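Engineer: Predicted coordinates and the sequence they were generated for:
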Amino acid sequence: MKTTIGNLHFVKAGQRLGTAGLFLVLLTLSIIPARAQDSVHVDIAKAVEIALSETPTMRIADRDVQIKQLYKKEQIAALFPDVSISGNYNRTLLKQQMSMDMGGQTMNIKVGRDNTYSVGANLTLPLIMPALWSNLKLSNMDIDLAMEAARSSKLELVNQVKQAFYTYLLAKQSYEVLQRSFSNIEASNQLVTNMFNQGLVSEFEKLRSDVALQNQRPAVASAAKGTRLAEMRLKVLLGMQVDEPVIFDGDLSSYEQEVLNAAIPTEESLQLANNSAVKQLELGIQELEQTKKILIGSSCPTLALAGSFQYSGMGDDGQKFSNYPYSYVALSLQVPIISWVSTSFKLKSAALNIENMRDQKLDLERNLRIGAQSYLNDMQQAIENLASDKETMKQAQKAYDIAKKQYEVGMNTWLDLNTAELTLVTAQLTYCQDLYSYLTAKANLDATLGKE
């Protein structure tokens with residue numbers, strides 16, 4: 001109601017202003033909602049949430065788990081009684097004849113009826129099936145393995161999103177540094193131009209200032225393109241359209257205290273028990289051991305209950321059908337004998353596969369520990385560098401301010417001012433790189449340790 005009343009006031013005002021005023025009012029009303037829709041802010045936590053809900057990788061992993069769960073139910077259904085109904089009808093076209101010697105005379109007798117039918121129900125119930133029971137346990141392991149694979153996909157996706165987000169922040173802040181540098185160089189160039197017009201500096205110094213300004217333009221343009229490319233990659237990773245209006249919030253400088261106050265874990269405290277690749281190998285070893293039990297179970301005796309009820313009838317055309325019911329219940333026992341020969345070789349192969357997978361796990365854990373230690377070293381180095389580079393950046397800013405004042409009063413040369421500007425830009429970019437190095441190393445370490 002408030003919006004309607006407000007629009008009505010605008011329209012009345014537009015009528016007083018005339019057709020042109022009314023057009024401007026309506027144009028303003030149409031633009032305001034569009035601008036409001038453009039303000040979509042996403043921070044790193046929201047980015048991870050969007051990726052986990054929108055990325056096809058996670059949906060595929062969830063479906064894989066559902067497939068394994070359905071297969072387990074299929075295995076359980078095999079333990080239930082199997083009931084089937086059968087029916088059969090025969091029409092005799094030419095009856096079979098039998099010849100019999102009756103007192104020295106041969107008599108030909110036609111056997112059978114013109115029409116025969118049978119209807120029945122059959123029942124089969126497994127009682128002792130070692131291989132089937134072992135398959136059920138293997139299905140449970142398949143579900144655990146699928147869930148762990150889904151967790152691995154989640155950890156990898158979260159790490160990729162964090163890396164892409166930090167890369168975007170680095171590109172954005174580097175672009176801002178170069179923009180400020182360009183503004184400083186542009187202001188210095190204007191100062192040199194003014195002094196040249198007053199005859200206070202030489203033409204050579206003005207030319208050097210002009211060249212330095214022109215040389216800075218490609219760097220700023222390249223940084224702008226790099227920022228845009230990092231933003232597009234992040235949007236694609238989040239399942240967004242590259243032209244979707246999104247503002248990614250955050251700044252590398254906001255992580256400064258977190259980096260400086262970070263407690264670096266020791267190498268002895270690193271635990272790989274939650275690493276997804278290690279857990280998947282452990283589950284793989286358990287599955288191979290369960291496969292051995294299935295091989296043994298397939299060579300063990302099996303016992304099944306079977307039952308049937310048949311109702312049949314036969315008769316010639318025009319005659320009454322004769323009906324004959326029939327039923328039975330039976331126990332079926334199967335004892336494999338010769339199959340143990342091939343089973344023994346299969347068991348040896350399975351044992352070798354288990355040993356191979358254990359060695360793979362051992363090798364993987366060693367490599368993961370080396371990688372984790374490398375990430376720890378990168379984090380420690382980034383913290384040490386940040387403490388000193390932050391102070392260097394402050395000193396470089398102070399040195400630039402002094403050099404600029406001195407140049408304005410003619411106490412130093414343009415080369416001194418340009419050198420101070422270059423030192424300041426280098427210090428600011430190095431400061432951003434230190435923060436980026438720590439954050440990416442920490443994200444990789446969390447992924448290695450399996451932290452969610």
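Structural biologist: Sure thing, it's come through. Numbering: from 1, shown residues only.
Engineer: wait, residue 69 sits on residue 143?
Structural biologist: Yes - taking contact to mean CB atoms under 8 Å, the distance of 5.8 Å between residue 69 and residue 143 places them in contact. C-beta here means a position set from N, CA and C on the backbone, and glycine is covered the same way.
Engineer: Tell me, how many residues neighbour residue 203?
Structural biologist: The local packing of residue 203 (other CB atoms under 10 Å) involves 8 other residues.
Engineer: what does the average pLDDT come to for the lengthiest helix in the chain?
Structural biologist: The helix spanning the most residues in the chain, taking DSSP state H as the definition, is helix 339-408. Model confidence over helix 339-408, given as mean pLDDT, is 90.
Engineer: Remind me what it packs against, helices and strands.
Structural biologist: Here helix 339-408 is seen to pack against helix 130-197, helix 256-260, helix 276-298, helix 414-449 when contacts are counted using 3 or more CB pairs under 8 Å, 6 or more residues apart in numbering; DSSP states H and E.
Engineer: of the ones you listed, which approaches residue 104 most closely?
Structural biologist: Proximity of the helices and strands packed on helix 339-408 to residue 104 was assessed by CB to CB; the nearest stretch is helix 276-298, lying at 61.9 Å.
Engineer: Distance from the chain centre to the longest helix of the chain, please.
Structural biologist: Mean C-alpha position of helix 339-408 versus that of the full chain (CA atoms, centre = their mean, to the nearest Å) differs by 21 Å.
Engineer: what does stretch 194-213 give?
Structural biologist: Remark: stretch 194-213 is offset 57 Å from the chain centroid, using CA atoms, centre = their mean.
Engineer: mind giving me the domain ranges of this structure?
Structural biologist: Domain ranges of the chain: 57-79+130-300+337-449, 86-128+303-335, per automatic domain parsing.
Engineer: As JSON lines, the ones you listed with distance to residue 45 would be great.
Structural biologist: What follows is these, written out as JSON lines (distance: least, CB to CB, whole Å):
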{"stretch": "domain 57-79+130-300+337-449", "distance to residue 45": "10"}
{"stretch": "domain 86-128+303-335", "distance to residue 45": "52"}
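Engineer: which one of those lies closest to residue 47?
Structural biologist: Distances from residue 47 to each of the domains of the chain were compared using CB to CB; the shortest belongs to domain 57-79+130-300+337-449, at 5.5 Å.
Engineer: ends of that closest one, how far apart?
Structural biologist: Its start and end residues considered, domain 57-79+130-300+337-449 measures 21 Å (CA to CA, to the nearest Å).
Engineer: any idea whether residue 86 is helix, strand or coil?
Structural biologist: In the three-state summary, residue 86 is assigned as strand, counting by DSSP: H, G, I helix; E, B strand; the rest coil.
Engineer: Looks like it contacts residue 120 (just checking).
Structural biologist: Yes - contact status for residue 86 versus residue 120: in contact at 5.4 Å, counting by CB under 8 Å.
Engineer: neighbour-wise, which of those two wins?
Structural biologist: Neighbour count, other CB under 10 Å: between residue 86 and residue 120, residue 120 has more, with 17 against 11.
Engineer: Now the more buried one: closest residue in space, sequence neighbours ignored.
Structural biologist: When the adjacent residues along the chain are set aside, residue 120 lies closest to residue 310, with 3.7 Å between them (CB to CB, 6 or more residues apart in numbering).
Engineer: burial of residue 342, as a residue count?
Structural biologist: Counted by other CB under 10 Å, the residues lying close to residue 342 total 11.
Engineer: brain fart, residue 156
Structural biologist: Applying the criterion other CB under 10 Å, we find 13 residues in the vicinity of residue 156.
Engineer: Can you read off the pLDDT for it?
Structural biologist: According to the per-residue confidence, residue 156 scores 92 in pLDDT.
Engineer: I figured it hits residue 450, correct?
Structural biologist: No - under the criterion of CB under 8 Å, residue 156 makes no contact with residue 450, lying 11.0 Å away.
Engineer: Which among the helices and strands packed on helix 339-408 is found nearest to residue 327?
Structural biologist: Using CB to CB as the criterion, the shortest distance between residue 327 and these is 27.0 Å, found for helix 130-197.
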